[in-house]
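Colleague: Turn this into a structure:
(chains A, B, C and D)
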Number of protein chains: 2
Amino acid sequence: MTVSKTAEKSSEKPADAAKGRKDIGEPLAEALQLGELSEQLGYVLKRAQLKVFENFLRCMASLQLTPAQFSVLLLVEKNPGRNQTEIASTLGILRPNFVAMLDNLESRDLCARIRSTNDRRSHILVLTDKGKAVLARAKKLVATKHEARLNDLLGQANREALIGMLSKIANEF
Amino acid sequence: MTVSKTAEKSSEKPADAAKGRKDIGEPLAEALQLGELSEQLGYVLKRAQLKVFENFLRCMASLQLTPAQFSVLLLVEKNPGRNQTEIASTLGILRPNFVAMLDNLESRDLCARIRSTNDRRSHILVLTDKGKAVLARAKKLVATKHEARLNDLLGQANREALIGMLSKIANEF
DNA sequence: TGATAATTGTTATGGACCATATCAAATATC
DNA sequence: GATATTTGATATGGTCCATAACAATTATCA
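Modeller: Residues are numbered from 1 along each chain as shown, chains lettered A, B, ... in the order given. Just a heads-up that it's a prediction; the model follows:
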């Protein structure tokens, strides 16, 4: 496992490999053997996840939405009127960490906290009109630029199989 | 996307759902609709990755090895005699961040830095005898307790297909 | 009813991980 | 041999994750 976010910067190394050796007789060096690593679920899972997030951020650059923010907007749209605890917990976000996230989205007028009349402790979450509009554009970008790429890479059937297996792991592992 | 590491703690919520409503007529509440989220590659990928790492750590509790540490030991074993920069970069670890990691492994006598005679700037990395022994035990734990679980969950063929697709994403996305 | 417990949003805080700039020593380049 | 590059290392800042604690509000129940 491991894999950081700027790993791709060193991807020119194999190409430069020959530059270093002074003679044909020299040991090739470079190009380490991954060995069993390439079969390790965790390793390949993490690398894939980083690549996907990286691509997601590129696709969303114009809207300035992170994967986490996008997931919040999606969930609030689908479940309007829920409070912070409910939205945060189903996303696996701890309540304390959700506060700054909402501060951000609210300051950009994408969603709003409304004091509940039933329970005056809680804040009901809703998307603003701007939030709905931005989310709609975000969905289109994700569909056309992000998810579509998976189809190109794996094919429709494999894409669905992959999502299915990952869901199974997420829920039953 | 999003998903933190303690998300599972709130998994009792659905069970307590009925407790809150005073009457049968009340809205069921609880159980938010994930909606399109469950089809988002990034979301499901991240959730799966967290689950897998979590399980990995449990399996490795007796050896106190993190996924990142395991990957370093694997790579050094497969490529003995490489220096820090080479090992770190192929794992996507930045050199500055690799120092503390090696300090840890070296302090536990799992691997060693050896000043290269060819290039006295660099440190050659090798596994110690203890490092080899620990890695051997780690591999067994991973195979029997960790990777085996994937087979139980998905089946051998699907497991291989999953790894293949994730590798493809990691390399070509 | 009223004392006690639990919940909600929040703040403060610490840890883990990631990324950049910088440095001294050693080496490569020309 | 002067200059540039590479290697391991340090310092530092950012982001994310996790826990404790608090005030306001609500639930519990004797």
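
Colleague: May I have stretch A:129-145 as CSV, with CA atoms only?
Modeller: Provided in CSV are the C-alpha atoms of stretch A:129-145 (Å, rounded to 0.1, in the frame of the first residue of the first chain):
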residue,chain,number,x,y,z
ASP,A,129,-31.1,27.3,-5.6
LYS,A,130,-27.5,27.9,-6.5
GLY,A,131,-26.6,24.7,-4.8
LYS,A,132,-29.1,22.8,-6.9
ALA,A,133,-27.8,24.5,-10.1
VAL,A,134,-24.2,23.8,-9.3
LEU,A,135,-25.0,20.2,-8.4
ALA,A,136,-26.8,19.7,-11.7
ARG,A,137,-23.8,20.9,-13.5
ALA,A,138,-21.5,18.8,-11.4
LYS,A,139,-23.5,15.7,-12.2
LYS,A,140,-23.2,16.4,-15.9
LEU,A,141,-19.4,16.9,-15.6
VAL,A,142,-19.1,13.7,-13.6
ALA,A,143,-21.2,11.7,-16.0
THR,A,144,-19.5,12.9,-19.2
LYS,A,145,-16.0,13.5,-18.1
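
Colleague: That stretch: which residues count as buried?
Modeller: Neighbour-count burial for stretch A:129-145, counted by 16 or more other CB atoms under 10 Å in any protein chain shown, picks out A:Gly131, A:Lys132, A:Val134, A:Leu135, A:Ala138, A:Lys139, A:Leu141, A:Val142. (C-beta placed from N, C-alpha, C; glycine too.)

Colleague: Which residues does the helix or strand harbouring the fourth one contact?
Modeller: Assigned by DSSP states H and E, A:Leu135 belongs to helix A:129-141. Among residues not part of helix A:129-141, those counted as contacts by CB atoms under 8 Å, 6 or more residues apart in numbering or on different chains are A:59-60, A:62-63, A:65, A:70, A:73-74, A:76-77, A:105, A:109-111, A:127, B:36.

Colleague: Quick check: next helix or strand after the helix or strand harbouring A:Arg149?
Modeller: Element membership for A:Arg149, per DSSP H and E: helix A:148-154. Using DSSP H and E, the next helix or strand after helix A:148-154 towards the C-terminus is helix A:156-172.

Colleague: helix/strand/coil for A:Ile124?
Modeller: strand (DSSP: H, G, I helix; E, B strand; the rest coil).

Colleague: Per-residue pLDDT of it, please?
Modeller: We have a pLDDT of 97 for A:Ile124.

Colleague: which residues does it contact?
Modeller: Counting by CB under 8 Å, 6+ apart, A:Ile124 makes contact with A:Gly81, A:Arg82, A:Asn83, A:Arg113, A:Ile114, A:Arg115, A:Ser116.

Colleague: now do 6 Å
Modeller: A:Gly81, A:Asn83, A:Ile114, A:Ser116 (CB atoms under 6 Å, 6 or more residues apart in numbering or on different chains).

Colleague: that older thread, any idea how far the helix holding A:Arg149 is from the chain center?
Modeller: Offset of helix A:148-154 from its chain centre (CA atoms, centre = their mean, to the nearest Å): 16 Å.

Colleague: in a strand, that's where A:Ile114 is, yeah?
Modeller: Yes: A:Ile114: assigned to a strand according to three-state DSSP.

Colleague: That one: neighbouring residues, count only.
Modeller: Counted with other CB atoms under 10 Å in any protein chain shown, residues neighbouring A:Ile114 total 12.

Colleague: Stretch A:84-97 - what's its average pLDDT?
Modeller: Here stretch A:84-97 scores 98 as its mean pLDDT.

Colleague: ok, now stretch A:144-152?
Modeller: The model assigns stretch A:144-152 a mean pLDDT of 94.

Colleague: ditto for stretch A:60-79
Modeller: Per-residue scores along stretch A:60-79 average to 98.

Colleague: which other residues reach it?
Modeller: By CB under 6 Å, 6+ apart, the residues outside stretch A:60-79 that reach it are A:53, A:56, A:87, A:91, A:111, A:125, A:127, A:134-135, A:138, B:1-2, B:32-33, B:35-37, B:42-43.

Colleague: Show me which residues of it are buried.
Modeller: A:60, A:65-77, A:79.

Colleague: okay, how far is it across that stretch, tip to tip?
Modeller: 23 Å (CA to CA, to the nearest Å).

Colleague: and that stretch, is it in reach of DNA strand D?
Modeller: Yes: applying CB under 7 Å from any atom of the strand, one finds stretch A:60-79 in contact with DNA strand D at A:Thr66, A:Ala68.

Colleague: roughly how far is that stretch from the heart of the chain?
Modeller: 10 Å.

Colleague: do the same with stretch A:42-51
Modeller: 11 Å.

Colleague: could you give the angle of the helix or strand harbouring A:Gln49 to helix A:156-172?
Modeller: Element membership of A:Gln49 [criterion: DSSP H and E] is helix A:41-59. On the basis of axes from the mean of the first three to the mean of the last three CA atoms, to 10 degrees, helix A:41-59 is oriented at 120 degrees to helix A:156-172.

Colleague: got the CA positions of the helix or strand following helix A:41-59 in CSV?
Modeller: Using DSSP H and E, the helix or strand that follows helix A:41-59 in sequence is helix A:67-78. The C-alpha trace of helix A:67-78 is given here as CSV (Å, rounded to 0.1, in the frame of the first residue of the first chain):
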residue,chain,number,x,y,z
PRO,A,67,-15.4,14.4,-3.8
ALA,A,68,-16.5,14.9,-0.2
GLN,A,69,-18.4,18.1,-1.0
PHE,A,70,-20.0,16.5,-4.0
SER,A,71,-21.2,13.6,-1.9
VAL,A,72,-22.7,16.0,0.7
LEU,A,73,-24.6,17.9,-2.0
LEU,A,74,-25.8,14.7,-3.5
LEU,A,75,-27.0,13.4,-0.2
VAL,A,76,-28.7,16.6,0.9
GLU,A,77,-30.5,16.8,-2.4
LYS,A,78,-31.7,13.3,-2.1
